[in-house]
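Visitor: what's the 3D shape of this:
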Amino acid sequence: MKVKFFPYLIITLVVILFDSCNKDNEMIIDDESLIFNYHRYSGWVGLDENLKITTDSTYYSIHHDLAEISYQTSIKTSKEQWNNLTKAFNLKTFTKIQDESCGLIYDIPISRFSVTVNGEIYSFYNGECDQYYKQMQDFFDSIFEQIKPLRDNIDTALTDE
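Guide: Numbers count the residues shown, from 1 in each chain. Predicted structure coming up:
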């Protein structure tokens, strides 16, 4: 009886071992610790734009010397917005996106994306031409969709002053 049980035990252990290693070191992401950041800046024109999105709130600020704009706001992150971002986000692909230095030479605004996951920060700048960036295009489009109405509010805020 013991002889028949032993091969099944070995097979079970091997399956468990290989199955647990087959997850490509996937990290469990807790929504509460997840923070998405977008930062666009340029020294020559005095541009400094920031977007920070958490499960609870979305913070946006922009300062632009040439356009004489200084604006900031904070709004509640809707469940729909958050779900769109997290559904399109893939940490493994995000960490493969490479920095590009093209904007540094001509002082073109530099775009820096970062994500904080369980206290660890992953980031890149100007990666729009990277193949992995293109694989995550839906995620970046979701980020830009969240910026659009916040930018539109700038004109309203400035005319109300």
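
Visitor: and stretch 43-52, how far from the chain's centre?
Guide: 18 Å (CA atoms, centre = their mean, to the nearest Å).

Visitor: Span of that stretch from start to end?
Guide: 21 Å (CA to CA, to the nearest Å).

Visitor: and residue 100, how far is that from residue 46?
Guide: 23 Å (CB to CB, to the nearest Å). To be clear about C-beta, it is placed using only N, CA and C from the backbone, and glycine gets the same treatment.

Visitor: Have a look at these two and say which one is more surrounded.
Guide: residue 100 (17 against 14; other CB atoms under 10 Å).

Visitor: Neighbours of the closest residue in space to that one that isn't next to it in sequence, how many?
Guide: Of all residues not flanking residue 100 in the chain, residue 126 sits nearest, at 4.1 Å (CB to CB, 6 or more residues apart in numbering). Residues lying near residue 126 (other CB under 10 Å) number 20.

Visitor: Same question for residue 78.
Guide: By other CB under 10 Å, neighbour count at residue 78 equals 11.

Visitor: and it, what are its phi and psi?
Guide: Residue 78 adopts backbone torsions of phi -70, psi 150, taken as degrees, to the nearest 10.

Visitor: what does the lengthiest helix in the chain contact?
Guide: Counting by DSSP state H, the longest helix found in the chain is helix 137-160. Residues from elsewhere that reach helix 137-160, judged by CB atoms under 8 Å, 6 or more residues apart in numbering: 36, 38, 51, 53, 58, 60, 62, 69, 71, 73, 75, 81, 84-85, 88-90, 94, 113, 133.

Visitor: change it to 6 Å
Guide: 38, 51, 60, 71, 84, 85, 88, 89 (CB atoms under 6 Å, 6 or more residues apart in numbering).

Visitor: Looking at strand pairing, list the partners for residue 38.
Guide: Here residue 38 sits in beta bridges with residue 51, residue 113, going by DSSP bridges.
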